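Undergrad: structure of the sequence below:
(chains A, B, C and D)
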Number of protein chains: 2
Amino acid sequence: MSDEASDLQEAVARFVRVFGLHQPDRTPCGTPVPTSEAHALGELAHEGELRQVELVQRLRLEKSTTSRIVTQLVRRGWAERSAAPDDGRGVLVRLTPQGHQAAQNLAAARRARFGAALERIPAGERDAVLRALALLTEAVDEP
Amino acid sequence: MSDEASDLQEAVARFVRVFGLHQPDRTPCGTPVPTSEAHALGELAHEGELRQVELVQRLRLEKSTTSRIVTQLVRRGWAERSAAPDDGRGVLVRLTPQGHQAAQNLAAARRARFGAALERIPAGERDAVLRALALLTEAVDEP
DNA sequence: GGACATGGTTCGACCATACAACCATCTGGT
DNA sequence: ACCAGATGGTTGTATGGTCGAACCATGTCC
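TA: Okay, the predicted model is just below:
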């Protein structure tokens, strides 16, 4: 009595636990940075600077939550807020040099963890795993 | 400059956000049950009853956290604690009839969400996605 | 210019986790 | 039989996390 939906649900649940996605105060890759800040840092490092509202959309969080995260980043000296040039309401968030450094450290830690995981996956399967994950993300995304 | 480890990391990050794994007080499938309780409920429903220490291992949480979760379940009338028959220290956690009912409701919600997702995945790929997820979980598991 | 939408901040309520201290019980060695 | 150490649980403390509502400023559209 195990349809595919149940199997998928169970697989996701196991992944979440095994990968340690529970811990809010530590990235699954071991760095002592809160996960939400790590997500934001990743996006900012990718783009250099971002409107706060852009961050809201990418992180899929409420604007209140995003505001608080940005405040944390600023407090750490990793980001700066400035007025958006084209919209008096908006806020532009930009990474500081230390922020870029922190992002690089995080990226290195991630690469270490995921690199090790990849090595435990048969080389021929790696592409398939990546594609499958993307496919699943797409499918699970709500309209 | 995009190695596979980075791609994988990004894919996981996107999945986490898109699937809404952030929300602690709501299951990603829409039911108003805290996610940690949902995990515990799932394991208990699967086994009927479980030693609390078993739950610790399956959920990959600290014993203190697990203890609190069980207390919540008890408070909701979904589980009962009793002394373990073979070990004076141990606690046996058993689902009540209402607990089983709650577990079934959760399972139905999950099935709805994951079933819909599966339908958006080409039929020929579904097995591959499941296998890939299992493979990834295995690979990401720390020794 | 007034109604409504959009971008942000702050506040309150709730949930999640770990670690340490503490207690009870079990186990193994002497 | 006894004591030391391991194991199972509970409670307290400190962090971190998310949302939704209330409130303000600025933009937009008619």
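Undergrad: by contact count, what packs against the helix ranked longest in chain A?
TA: The longest helix of chain A (DSSP state H) is helix A:97-119. Packed against helix A:97-119 by the contact rule (3 or more CB pairs under 8 Å, 6 or more residues apart in numbering or on different chains; DSSP states H and E) you find helix A:35-47, helix A:63-76, helix B:4-19, helix B:123-140. Where C-beta positions appear, they are placed from N, C-alpha and C, glycine not excepted.
Undergrad: try it again with 6 Å
TA: With contacts defined as 3 or more CB pairs under 6 Å, 6 or more residues apart in numbering or on different chains; DSSP states H and E, helix A:97-119 has these neighbours: helix A:35-47, helix B:4-19.
Undergrad: any part of it near DNA strand D?
TA: No - for helix A:97-119, no contact with DNA strand D is found by CB under 7 Å from any atom of the strand; the gap never falls below 12.9 Å.
Undergrad: phi, psi for A:R120 please.
TA: Per-residue torsions, A:R120: phi -90, psi 0 (degrees, to the nearest 10).
Undergrad: hmm, it is touching B:A139, no?
TA: Yes - contact between A:R120 and B:A139 holds when scored by CB atoms under 6 Å: they sit 4.0 Å apart.
Undergrad: relative to B:G20, how far out is A:P24?
TA: From A:P24 across to B:G20, the span is 15 Å (CB to CB, to the nearest Å).
Undergrad: ok, the two, which is more surrounded?
TA: Each of A:P24 and B:G20 has its neighbours counted (other CB atoms under 10 Å in any protein chain shown); B:G20 has more, 17 against 10.
Undergrad: contacts only, for that one.
TA: Listed by CB atoms under 6 Å, 6 or more residues apart in numbering or on different chains, the contact partners of B:G20 are B:P28.
Undergrad: which residues touch the most centrally placed residue in chain A?
TA: Taking CA atoms, centre = their mean as the criterion, A:H39 is the residue nearest the geometric centre of chain A, at 3.1 Å. The contact partners of A:H39, by CB under 6 Å, 6+ apart, come to A:L59.
Undergrad: got a pLDDT number for it?
TA: pLDDT for A:H39: 95.
Undergrad: identify the residue nearest whichever residue of chain A sits closest to chain B in space, chain neighbours excluded?
TA: Closest contact between chain A and chain B, by CB to the nearest CB, is at A:A132 (3.4 Å). Closest residue to A:A132 apart from its sequence neighbours, by CB to CB, 6 or more residues apart in numbering or on different chains: B:A132 at 3.4 Å.
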